[in-house]
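Chemist: Here is a sequence together with a model predicted from it:
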Amino acid sequence: MYSQQPGSGLVLLLTMLAGLQISVEGTPACKPGFSQDVYSVVVPGVTKAGQLLFNVGFVDCGRGPVKFESSSPSDFRIEEGGAVHVVRDLELSTSSSLTIKASDVATKQQWTTQVKMSAQSKQTQEVSTSQNVKEIVFPSINADSTLKRRKRDWVIPPINVPENSRGPFPQELVRIRSDHDKNRSLRYSVTGPGADQPPTGIFIIDPISGELSVNKPLDREHIPNFHLRAHAVDLNGNQVENPIDIVINVIDMNDNRPEFSHQMWNGTVPEGSKPGTFVMTVTSVDKDDPKTANGMLRYKILSQNPESPSSNMFTINNKTGGIITVAAGLDREKVSQYTLIIQATDMEGNPMYGLSNTATAVIRVTDVNDNPPEFTAETFFGEVPENRVNVIVANLTVTDKDQPNTPAWNAVYKITGGDPTGSFSVPTDPTTNEGLVTVVKPIDFETSRTYVLTVEARNEVPLARGIHSPRQSTATVSIRVIDVNESPYFQPDPKLIRLEEGMPPESTLTTFTAQDPDRFMHQNIRYSKLSDPAQWLRIDPNTGRITTMAVLDRESPFVKNSLYNATFMATDNGQPSATGTGTLQIYLLDINDNAPKVFPQEVEICEKPEPNAINITAVDGDLNPNGGPFAFELAHRPIDVRRNWTITRISGDYAQLSLKIGYLESGIYDLPIIITDSGNLPMSNTSYLRIKVCQCDINGDCTDQQHIMAAGLGTGAIISILLCIIILLILVLMFVVWMKRRDKERQAKQLLIDPEDDVRDNILKYDEEGGGEEDQDYDLSQLQQPDTLEHDTIKPVGIRRMDERPLHPEPQYPMRSAAPHPGDIGDFINEGLKAADNDPTAPPYDSLLVFDYEGSGSTAGSLSSLNSSSSGGDQDYDYLNDWGPRFRKLADMYGGSDE
């Protein structure tokens, strides 16, 4: 409870809260010191490092900084404002006291106060109502003053709320009240995460009564604590109290089972391990508070499979989960794997209240090298032809009881005797683990006919302690060498001789012979030439004597760096025969046999050279001293050479050619120059320098060649011009053909009548039964009467119409007499028929429209019977009247009289 003096400024009531009270009575006389000699504080039973427990108030009266110290600095830390924090994790089970000392840094004056702390239990603490709220009332600092100023600090321990509460909700936690509510109406509010910040709506406060409640169940695994700030304002929104901090801790409940990090754990342990050998560690996690029994786990082994040689081969540390061996007798060859069921239980392993979970641990017994390899036989045999390498002579087989394809099973073979020259090796076949006795160096039958090797087999890793290699780990290998016909060999190879070049043909150079390594075979050797690039040499097939066939020339392209190489072959008469090759190297010494030549052989100068000098040199195929320095001289012939040119020696190898005159006409000039080398017997040569004189531009470059290139046309340009001409001709030809066809079509559509007689303006033209290119594709004879065809008269080919069948004879039709008809129409038809009969190339305007063949026996003749040569008056057309009204007009036209 708290006590209130008259005229006090404020009283704030909170769960586990001490209030701050200030009263003013007159002008106070400030006295530094703690606001309370003894503080009573209720703190949580379990605290974490850095957690705020309470505040102590100190009035410094403006004297400067004050240093706080506690009687237990290893457990509690006091900040400059008087806030007391926990230094390390503490678990308080009973009440305890704490002495706090304050020291003035400047005057060294000290003040002390006592804090009595009462610990809460670990179990869920019921939230107190406002009637059970404890107060800490701080006494007046200066009681002698007329105007008193009393200050009260708040010690606000955290509020503990159990998680997963079933309600009812909202559930009251604490009531906040200010003593100003007696004089005026106040409104209370809280801010912070859980109130007006996400997650919102968890805590609510009655703005009038100040009752703070929780609105839903809390989850410690989601949010372990909440930090809220309480406010008190008047109806105008003016702050009447300083905000206070409220810490709400969520008390853990055992609502989570332990969860193993892996459901299947794998570990290994070597066979033969001693008891106490570490195997592996299994771990699990409980989301509950690890500082409480809810999150304290214990491990144990539920079962072991197989239970051989003992049912308790392993044990587990119930706190750390470490698995170790507890019994001897692990043998991979008997049991290669163990399966353990591990259980983790919270509540410190209490089987009645704790929650548990299980996982599987598979422990594989690894192999150690406790079984040495043993050969399957004491002696192995093999044979190999001489001079053969990388040949497997024998296969050595071993047995090993260790795990296959492991270092303890893989065999390594070593030759310990019988091979002083290192001609054999024994690699291991990775698949079969056999030893492959292999020849790595050529062996000679003439040197040794048999080999007896001693081979030892081991593993890749040493044997386990106390295990020794038996006698069966060593074997002997007997190898017989087979004699073969070996190739002859030249000695030395290559053979080097030194000669001067220019040696004449049929000169003997040397004798190049070969040796036969087969001492036990009596064989003859014959020699032949295998490679002679210049065809200079000849070898005697029996003696190996080498003679020349041509002159040896050091300057030949087949000679590189004065060295000429020729290869010869030696062949014995064995079965089969063997051959060997040898190289003869001839080092040719240089003689002065090449005359110098001018270089470069062609130069260009301008008609008016500026400068008018040309630098030249000489090349000589010989080496020094048969080469340079050279002597240069102009020839005496022709005489204009020395008149126009002069030559000056610049150095031993270079000379300068100068033009005496200021102008030289364009053209090509061959200038003879005599060049002499420096050989012991000097050689001279008249070499011609070709000089191209040309017109030059302002830069001194020849322009004649550019003019020629500009005036001429390349091959590509000529081809392009020809293609354009051809395309143009094709277009003209196509245009002419098109115009000709267009004229024909125009003529075909035009009637051949005089303009004066043209009465087509008075005729309504409905259709045209004839003409067109379709008529030429039909057989018009189908409309003719087969009975009227006569084969004795055939129209000549030259005047045949295009609308008639080409091979059938001209049909004969009965003649008709010309019927009277209107003059203008008759003239029109007659003139058209005349034009058609007289012009065989005219379009067939009187052609028939062919529809289909309607059979024989028709009385109608061909319309071609209308000809202009007869009047048709002798024919009778009266029968047309019987055909109906449509044919009466035709009957009147042809059957009537001329009137």
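Modeler: Alright, I've got the coordinates.
Chemist: do you know how far Ala836 is from Ala748?
Modeler: According to Cβ to Cβ, to the nearest Å, Ala836 and Ala748 sit 12 Å apart. Where C-beta positions appear, they are placed from N, C-alpha and C, glycine not excepted.
Chemist: so for the longest helix along the chain, what's the average pLDDT?
Modeler: Identified as the longest helix of the chain according to DSSP state H is helix 715-749. Averaging pLDDT along helix 715-749 yields 88.
Chemist: for it, packing partners?
Modeler: Helix 715-749 sits against no helix or strand, with contacts defined as 3 or more Cβ pairs under 8 Å, 6 or more residues apart in numbering; DSSP states H and E.
Chemist: and the next helix or strand after it, how far out from the chain's middle?
Modeler: Sequence order places helix 823-838 as the next helix or strand after helix 715-749, per DSSP states H and E. Distance, stretch centre to chain centre, for helix 823-838: 91 Å (Cα atoms, centre = their mean, to the nearest Å).
Chemist: before we move on, what about stretch 500-515?
Modeler: Remark: stretch 500-515 is offset 64 Å from the chain centroid, using Cα atoms, centre = their mean.
Chemist: Does Phe381 fall in a helix, a strand, or a coil region?
Modeler: Classification of Phe381 using DSSP: H, G, I helix; E, B strand; the rest coil returns strand.
Chemist: that's a strand at Gly81, yeah?
Modeler: No - using three-state DSSP, the secondary structure at Gly81 is coil, not a strand.
Chemist: Compare Ala836 and Ala748 (neighbour count), which wins?
Modeler: When Ala836 and Ala748 are compared for neighbours, Ala836 comes out ahead with 20 against 14, by other Cβ atoms under 10 Å.
Chemist: any idea how far that one lies from Thr47?
Modeler: 133 Å.
Chemist: Give me the neighbour count for the residue lying closest to Gly267 once chain neighbours are set aside.
Modeler: Distance criterion Cβ to Cβ, 6 or more residues apart in numbering; nearest residue to Gly267, sequence neighbours excluded, is Met280 at 3.2 Å. Per other Cβ under 10 Å, the neighbour tally for Met280 reads 19.
Chemist: so which helix or strand takes in Met280?
Modeler: strand 278-281.
Chemist: Export that strand to CSV, keeping only CA atoms.
Modeler: What follows is strand 278-281 as a C-alpha-only set of coordinates in CSV (Å, rounded to 0.1, in the frame of the first residue of the first chain):
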residue,chain,number,x,y,z
PHE,A,278,32.6,-42.2,-28.6
VAL,A,279,30.3,-43.1,-31.5
MET,A,280,28.0,-40.2,-32.2
THR,A,281,25.7,-37.5,-30.7
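Chemist: Show me what the helix or strand just after that strand pairs with in its sheet, parallel or antiparallel.
Modeler: Next helix or strand after strand 278-281 toward the C-terminus (DSSP H and E): strand 284-285. Strand 284-285 has its sheet partners listed here by DSSP bridges as strand 259-260 (antiparallel).
Chemist: what's the spacing between the partner strand and its chain's center?
Modeler: That offset, for strand 259-260, works out to 40 Å (Cα atoms, centre = their mean).
Chemist: which residues touch that strand?
Modeler: In this structure, residues lying in contact with strand 259-260 by Cβ atoms under 8 Å, 6 or more residues apart in numbering are Val282, Thr283, Ser284, Val285, Asp286, Lys287, Ile342, Ala344, Asn357, Thr358, Ala359.
Chemist: ok, of those residues, which one's closest to Gly544?
Modeler: Nearest to Gly544 among the contacts of strand 259-260: Val282, at 85.8 Å, using Cβ to Cβ.
Chemist: Just give the closest residue to the closest one, not the sequence neighbours.
Modeler: Spatial nearest neighbour of Val282, excluding adjacent residues (Cβ to Cβ, 6+ apart): Gly321 at 4.5 Å.
Chemist: one step back: out of the contacts of strand 259-260, grab the one that's most surrounded.
Modeler: Going by other Cβ under 10 Å, Ala344 tops the contacts of strand 259-260 with 26 neighbours.
Chemist: Make sure Gly679 is actually in contact with Asn626.
Modeler: Yes - if you go by Cβ atoms under 8 Å, Gly679 and Asn626 touch, sitting 4.1 Å apart.
Chemist: Show the subsequent helix or strand relative to the helix or strand encompassing Ile586.
Modeler: Assigned by DSSP H and E, Ile586 belongs to strand 579-589. Per DSSP H and E, the first helix or strand lying C-terminal to strand 579-589 is strand 597-599.
Chemist: just checking, what packs against that following strand?
Modeler: Contacts defined by 3+ Cβ pairs under 8 Å, 6+ apart place strand 597-599 against strand 613-619, strand 667-676, strand 684-694.
Chemist: Those into CSV, with extra columns for mean pLDDT and mean neighbour count?
Modeler: Shown next, in CSV, are the helices and strands packed on strand 597-599 (pLDDT from 0 to 100; neighbours: other Cβ atoms under 10 Å):
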stretch, mean pLDDT, mean neighbour count
strand 613-619, 84, 18
strand 667-676, 85, 16
strand 684-694, 85, 17
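Chemist: Would you mind putting those into CSV with distance to Ala411 alongside?
Modeler: Listed next are the helices and strands packed on strand 597-599 as CSV, based on distance: least, Cβ to Cβ, whole Å:
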stretch, distance to Ala411
strand 613-619, 71
strand 667-676, 80
strand 684-694, 80
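Chemist: Relative to Ser273, which of these is closest?
Modeler: Closest to Ser273 of the helices and strands packed on strand 597-599 is strand 613-619 (Cβ to Cβ; 87.8 Å).
Chemist: So in that sheet, which strands flank that closest one, and in what orientation?
Modeler: Strand pairing for strand 613-619, using DSSP bridges, gives strand 597-599 (antiparallel), strand 654-659 (antiparallel).
Chemist: which one of those strands lies closest to Gly716?
Modeler: Nearest of these (Cβ to Cβ): strand 597-599, 36.5 Å.
Chemist: On the C-terminal side of that closest one, identify the next helix or strand.
Modeler: Later in the chain than strand 597-599, the nearest helix or strand by DSSP H and E is strand 602-606.
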